[in-house]
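[1] predicted model, plus sequence, below.
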Amino acid sequence: MQVSLITCTKNSGEVMEDCCTSIFSQTHKNIEHIIIDNNSIDNTLSIAKGSKIMCQKIFQQKSIGIYGALNEGLKFAGGDIIGVLHSDDQLYNSKVIETIEKIFSTQNIDILFANLLYVSKKDTNKIIRKWKSNLKEGIQSNFFLKNKINNGWMPPHTTIFVKKNILEKIGYYDEGFKISSDYDYIIKIFRENNFKIFFLNEFIVKMKTGGASNKNIKNILTKVIEDYQIMKKYKFKILRALLFKNFSKISQFF
């Protein structure tokens with residue numbers, strides 16, 4: 001199976017080498033790397049082109065915002081399995097994609113998700129936070145996952161891999177949200193459809209700290225407001241879900 005990885009870039013030269021190196025080093029070589037670039041004026045694209053990734057496709061973004069770029073990437077992606085790897089992310093080790101492809105092939109699943117590490121920007125071996133779903137590895141009950149989602153739980157966005165042939169059922173990212181559209185997208189995957197979902201109890205992505213949602217007070221407030229709007233849209237018990245969604249992160253620092 002071919003695996004497509006979507007990376008959105010804008011002046012990402014400082015982090016692009018780690019991202020591309022982690023893809024190039026994968027033992028599973030049938031990877032399509034889709035880059036949606038938003039008019040970078042630094043060395044982002046020269047680093048990408050010099051990474052020697054066998055199947056790399058670069059497109060200039062025509063939409064607005066990160067979720068517009070992700071939607072473009074989903075439309076361009078030709079792989080059987082699709083995942084997102086942000087420019088400041090890297091795959092945890094060289095066997096990540098091999099492991100994911102094998103599970104999709106042998107378990108006949110629609111979706112896979114796993115664990116994620118937040119790491120220091122200056123030293124990717126320095127762990128800041130461990131985002132673990134604390135579930136038993138294997139195919140998950142849809143009823144169980146829907147209940148968890150209703151109570152504010154969510155898995156790490158960039159650990160989610162989906163089969164291309166179910167995209168029509170999921171739909172695309174809602175570009176009306178500036179920061180929390182990935183949360184809306186996750187709810188559609190885990191609550192609105194009865195997909196065959198596998199949890200891989202391993203860390204598969206390293207994410208550098210300092211993402212857009214926590215960049216400044218304005219972004220933090222925007223995220224809280226958008227989370228509220230999304231929970232209202234899906235008729236959650238909002239206060240309980242908001243509290244759980246935010247306070248559950250505390251244990252990830254220990």
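    Nice, I can see it.

[2] can you pull out the low-pLDDT segments for the stretch 101-250 of the chain?
    For the stretch 101-250 of the chain, the stretches with pLDDT under 70 are 210-216, 244, 246-250.

[3] you'd agree residue 63 is up against residue 73?
    No - counting by C-beta atoms under 8 Å, residue 63 does not reach residue 73; the two are 10.3 Å apart. In short, each C-beta sits where N, CA and C put it, glycine included.

[4] the more surrounded of those two?
    residue 73 (23 against 14; other C-beta atoms under 10 Å).

[5] now the host helix or strand of residue 242: how far from the chain's centre is it?
    In this assignment (DSSP states H and E), residue 242 forms part of helix 238-247. Centroid displacement of helix 238-247 relative to its chain, using C-alpha atoms, centre = their mean, to the nearest Å, is 21 Å.

[6] go on, stretch 225-243?
    Relative to its chain's centre, stretch 225-243 lies at 21 Å (C-alpha atoms, centre = their mean).

[7] report the separation between the two terminal residues of that stretch.
    13 Å (C-alpha to C-alpha, to the nearest Å).

[8] do stretch 114-128 as well
    Per C-alpha to C-alpha, stretch 114-128 runs 18 Å from first to last residue.

[9] what does that stretch contact?
    Contacts to stretch 114-128, defined as C-beta atoms under 8 Å, 6 or more residues apart in numbering, come from residues 15, 18, 88, 90, 92, 129-133, 155-156, 158-159, 199-210, 252-253.

[10] show me which of the residues you listed are buried.
    When the contacts of stretch 114-128 are checked for burial by 16 or more other C-beta atoms under 10 Å, the buried set is 15, 18, 88, 90, 92, 129, 131-133, 155-156, 158-159, 199-200, 202-208.

[11] neighbours around residue 230, how many?
    Residue 230: 21 neighbours (other C-beta under 10 Å).

[12] whoops, residue 239 was the one
    Other residues lying near residue 239 total 11 when counted by other C-beta under 10 Å.

[13] one step back: in helices, which of the buried ones among the contacts of stretch 114-128 appear?
    Taking DSSP state H, the ones among those that sit in helices are 15, 18.

[14] all strands of this protein, in order?
    Ranges of strands in the chain, per DSSP state E, are 3-9, 31-37, 55-60, 81-84, 89-91, 111-119, 127-131, 138-139, 161-163, 197-208.

[15] pull the longest one out as PDB, backbone CA atoms only.
    Meaning strand 197-208. Below are the C-alpha coordinates for strand 197-208, written out as PDB (Å, rounded to 0.1, in the frame of the first residue of the first chain):
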ATOM      1  CA  ILE A 197     -10.700   2.000  14.100                       C
ATOM      2  CA  PHE A 198      -7.400   0.600  15.400                       C
ATOM      3  CA  PHE A 199      -5.400   2.100  18.300                       C
ATOM      4  CA  LEU A 200      -1.600   1.500  18.000                       C
ATOM      5  CA  ASN A 201      -0.200   1.900  21.500                       C
ATOM      6  CA  GLU A 202       3.100   3.400  20.400                       C
ATOM      7  CA  PHE A 203       4.600   6.800  19.900                       C
ATOM      8  CA  ILE A 204       4.700   7.500  16.200                       C
ATOM      9  CA  VAL A 205       5.200  11.300  15.900                       C
ATOM     10  CA  LYS A 206       7.400  13.900  17.600                       C
ATOM     11  CA  MET A 207       5.900  17.400  17.600                       C
ATOM     12  CA  LYS A 208       8.000  20.400  18.400                       C
END
